[in-house]
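Enquirer: Below are the sequence and a predicted model for it; my questions follow.
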2 protein chains.
Amino acid sequence: MSTVETKPGMGVLARRTFREQIVEALRGSIISGELAPGTPIVESDMARTFGVSRGPLREALGDLIKEGLLVTIPYTGTHVVDLSLDEVNEIFSLRTELEIFAFRQLWEKRDAAYFEELNRRHDRLLASIAEGDDESSIVDELALHSHVYEACGHSLLLGVWNGMRGKLQLYWAAHHRAHGRRGPLPEGHARYVALAQGTDLDLMISEIRDHMVRGFSRTEAFLRERDQLKQGQ
Amino acid sequence: MSTVETKPGMGVLARRTFREQIVEALRGSIISGELAPGTPIVESDMARTFGVSRGPLREALGDLIKEGLLVTIPYTGTHVVDLSLDEVNEIFSLRTELEIFAFRQLWEKRDAAYFEELNRRHDRLLASIAEGDDESSIVDELALHSHVYEACGHSLLLGVWNGMRGKLQLYWAAHHRAHGRRGPLPEGHARYVALAQGTDLDLMISEIRDHMVRGFSRTEAFLRERDQLKQGQ
DNA sequence: TTGCGGTTGATTGTCAACAATCAGCGATCA
DNA sequence: TGATCGCTGATTGTTGACAATCAACCGCAA
């Protein structure tokens, strides 16, 4: 045995290569709206902006393309993805199934640590809402939902969730920018969190379904409004 | 209106860039077992093999990493992914939910064209099995299952499925190489195809569950056997 | 006016060389 | 004898320049 403690998750100050840093920075810019939907991304310009060569930048773009935040046409150009009603419908419908599946996997394995962390994340979300910090309330809401994916121990499922998480954040952030406030949220997750600590899985499942329908119709209303505005111009 | 018909899926003879060609070739080599699990991939060597520079090759590797067929450690190396029992369990369990969801989405929209194509793919699978061509029977089985994802019109779901399809093929191919024949397959999908054309969705769903359990236990048995062999050495 | 064809500037795809980093090995010293 | 430190070869990360390709523009003819 080594004398040095090597707890899991210890030495994760992992190498931060340019590529990863660029991915994070760009994702942030896209989600924050700094790079609006449809904005063309020119590799050479973007490379200069980051003070880096086109190689790593290209690879970073590749990651974001796979994630669905960017769209590329060979030999022609890359641009920030556009928001579409069909897509947000797909995201919410698939998410419903995935989150139910995650709870099914987790249900019997829930323990004190799980409940503790669940409440911690919920408290953080409530705090952000109370402070009126909309940007971080979006992040906190995603973190709250992420918990079940992390806790259920299904790494493939977690990967799929992480893959769509960015897009979801993009939609919410756009919604938020359009409306200032996203709506009366403080009690939005009370039932969700309460049932997640209860004993009735079927109730939890129907709450997830409701929760997603509510989320979808809010986003849908926002998008329809925006499309009408666009057409009116 | 333009005079030129531009049906969707028409002009998709799209540019074939090196990167895409390499991805396909490498995926083929990995799945066929030519590059066995654990084999280290050295960029410069691989680039020379394909007669191409490291740039495009790196991007191709990036794609396969995202797909889960390769694993990389920064500044250290890349190698072909290893098969694990946990992972195959995850693949089959998630796939069960996704395929049920796909059928739910599709069910009311099924039409003559759907049934026709379904039977066409089933026939092709049966033909491959009859010919004893195990390699293409795997491809055909995947194509048969892919059909519902393509037909249900949920592009996000289709993307997730395509993302795990490669890994699934990898497991089956490994299984096949170990056992010569994958087992008594000809009637393996008869019930599946019949129910998919029926009117009882619940029956279809339970068939999917059974189908996946059968598939998992076959793969599981193979992997346990292999691990014992490895430990015995 | 309208449609067509060539030209051009811009943008991505590709390349070969250079720099940063790592795992393994051997020398060194307690 | 055992562990530690520094070196070394190999491998990935990064760079700037060159080639292939495309969308848009302009002039021209019907």
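Expert: Arrived safely. Since we're looking at a predicted model, the values are computed, not measured.
Enquirer: Nearest the geometric middle of chain A, what residue?
Expert: A:Arg165 (2.9 Å; CA atoms, centre = their mean).
Enquirer: how about that residue, what does it touch?
Expert: Residues in contact with A:Arg165, defined by CB atoms under 8 Å, 6 or more residues apart in numbering or on different chains, are A:142, A:146. C-beta: built from backbone N, CA, C; applies to glycine.
Enquirer: Break chain A down into its structural domains.
Expert: Following automatic domain parsing, chain A resolves into domains at A:18-80, A:85-232.
Enquirer: which other helices and strands contact the lowest-mean-pLDDT helix or strand in chain A?
Expert: In chain A, no helix or strand scores lower on mean pLDDT, DSSP states H and E than helix A:201-232, which sits at a mean of 86. In terms of contacts (3 or more CB pairs under 8 Å, 6 or more residues apart in numbering or on different chains; DSSP states H and E), helix A:201-232 is packed against helix A:85-106, helix A:155-179, helix A:190-196.
Enquirer: pretty sure A:Met204 contacts A:Ala196?
Expert: Yes: with contact defined as CB atoms under 8 Å, A:Met204 counts as touching A:Ala196 (6.2 Å).
Enquirer: Now the common contact residues for the two.
Expert: Common contacts of A:Met204 and A:Ala196 (CB under 8 Å, 6+ apart): A:Phe103.
Enquirer: Enumerate every residue touching A:Gly77.
Expert: Counting by CB under 8 Å, 6+ apart, A:Gly77 has contacts A:40-42.
Enquirer: where in chain A is pLDDT low?
Expert: Applying pLDDT under 70 to chain A flags residues A:1-15, A:180-185, A:230-233.
Enquirer: So which bits of it are right by DNA strand C?
Expert: Chain A comes close to DNA strand C at residues A:15, A:40-44, A:54-55, A:58, A:72, A:74-78, as judged by CB under 7 Å from any atom of the strand.
Enquirer: let's go with 10 Å and repeat that
Expert: Applying CB under 10 Å from any atom of the strand, one finds that chain A approaches DNA strand C through A:14-17, A:40-47, A:53-55, A:57-58, A:61-62, A:65, A:72-79.
Enquirer: Please report the distance of the residue nearest to the centre of chain A from DNA strand D.
Expert: 24 Å (CB to the nearest atom of the strand, to the nearest Å).
Enquirer: for A:Thr78, same thing?
Expert: 12 Å.
Enquirer: Can you name the residue of chain A nearest DNA strand C?
Expert: A:Glu43 (3.7 Å; CB to the nearest atom of the strand).
Enquirer: In space, what's closest to that residue - neighbours in sequence excluded?
Expert: Nearest residue to A:Glu43 in three dimensions, chain neighbours excluded: A:Arg54, at 5.3 Å (CB to CB, 6 or more residues apart in numbering or on different chains).
Enquirer: shouldn't the one you found be in contact with A:Arg48?
Expert: No: counting by CB under 8 Å, A:Arg54 sits too far from A:Arg48 to count as a contact (9.5 Å).
Enquirer: burial measure for the residue of chain A closest to DNA strand C, as a count.
Expert: Using other CB atoms under 10 Å in any protein chain shown, A:Glu43 is surrounded by 14 other residues.
Enquirer: coming back round to it: would you mind listing which of the residues of chain A next to DNA strand C are buried?
Expert: For those, a neighbour count by 16 or more other CB atoms under 10 Å in any protein chain shown gives the buried set as A:41, A:46-47, A:55, A:57-58, A:61-62, A:78-79.
Enquirer: Any residues of chain A in contact with chain B? List them.
Expert: A:14-15, A:17, A:55, A:58-59, A:62-63, A:66, A:74-75, A:87, A:90-91, A:93-94, A:97-98, A:101, A:105, A:154-157, A:160, A:163-164 (CB under 8 Å from any CB of the partner chain).
Enquirer: could you flag which of the residues you listed are buried?
Expert: A:55, A:58-59, A:62-63, A:66, A:87, A:90-91, A:93-94, A:97-98, A:101, A:105, A:154, A:156-157, A:160, A:163-164.
Enquirer: For the residue of chain A closest to DNA strand C, give me its contacts.
Expert: A:54, A:57-58, A:61, A:78.
Enquirer: Against B:Thr78, how distant is it?
Expert: Distance, A:Glu43 to B:Thr78, using CB to CB, to the nearest Å: 24 Å.
Enquirer: Kindly report the same for A:Val139.
Expert: According to CB to CB, A:Val139 and B:Thr78 sit 32 Å apart.
Enquirer: Got the phi and psi for A:Thr72?
Expert: Backbone geometry at A:Thr72, expressed as degrees, to the nearest 10, gives phi -130, psi 150.
Enquirer: The nearest residue to it once chain neighbours are set aside pairs with what?
Expert: Among residues not flanking A:Thr72 along the chain, A:Thr78 sits closest, at 4.3 Å (CB to CB, 6+ apart). Beta bridges link A:Thr78 to A:Ile41, A:Thr72, judged by DSSP bridges.
Enquirer: A:Thr78 reaches A:Gly62, doesn't it?
Expert: No: with contact defined as CB under 8 Å, A:Thr78 does not reach A:Gly62; the gap is 9.8 Å.
Enquirer: and chain A, which residues reach DNA strand D?
Expert: Counting by CB under 10 Å from any atom of the strand, chain A comes close to DNA strand D at A:2-4, A:15-22, A:43-44, A:47-48, A:50-60, A:73-77.
Enquirer: Of those residues, which belong to strands?
Expert: A:73, A:77 (DSSP state E).
Enquirer: Tell me which of the residues of chain A next to DNA strand D fall in helices.
Expert: Those of those mapping onto helices are A:18-22, A:43-44, A:47-48, A:50, A:54-60, per DSSP state H.
Enquirer: What backbone torsions are found at A:Ser53?
Expert: phi -80, psi 170.
Enquirer: helix/strand/coil for A:Asp82?
Expert: coil (DSSP: H, G, I helix; E, B strand; the rest coil).
Enquirer: what residues are up against whichever residue of chain A sits closest to DNA strand D?
Expert: The minimum distance from chain A to DNA strand D, using CB to the nearest atom of the strand, falls at A:Gly55 (2.2 Å). Shown in contact with A:Gly55 (CB under 8 Å, 6+ apart): B:Gly55.
Enquirer: do A:Leu35 as well
Expert: A:26, A:29, A:41, A:80.
Enquirer: ok, now with 7 Å
Expert: A:29, A:80 (CB atoms under 7 Å, 6 or more residues apart in numbering or on different chains).
Enquirer: Using the three-state scheme, assign it.
Expert: A:Leu35 ends up coil, using three-state DSSP.
Enquirer: Okay, and A:His122 sits in which element?
Expert: Taking DSSP states H and E as the criterion, A:His122 maps to helix A:112-131.
Enquirer: counting contacts, what elements does that helix pack onto?
Expert: helix A:134-151, helix A:190-196 (3 or more CB pairs under 7 Å, 6 or more residues apart in numbering or on different chains; DSSP states H and E).
Enquirer: out of these, nearest to B:Gly132?
Expert: Checking the helices and strands packed on helix A:112-131 against B:Gly132 by CB to CB gives helix A:134-151 as the closest, at 42.6 Å.
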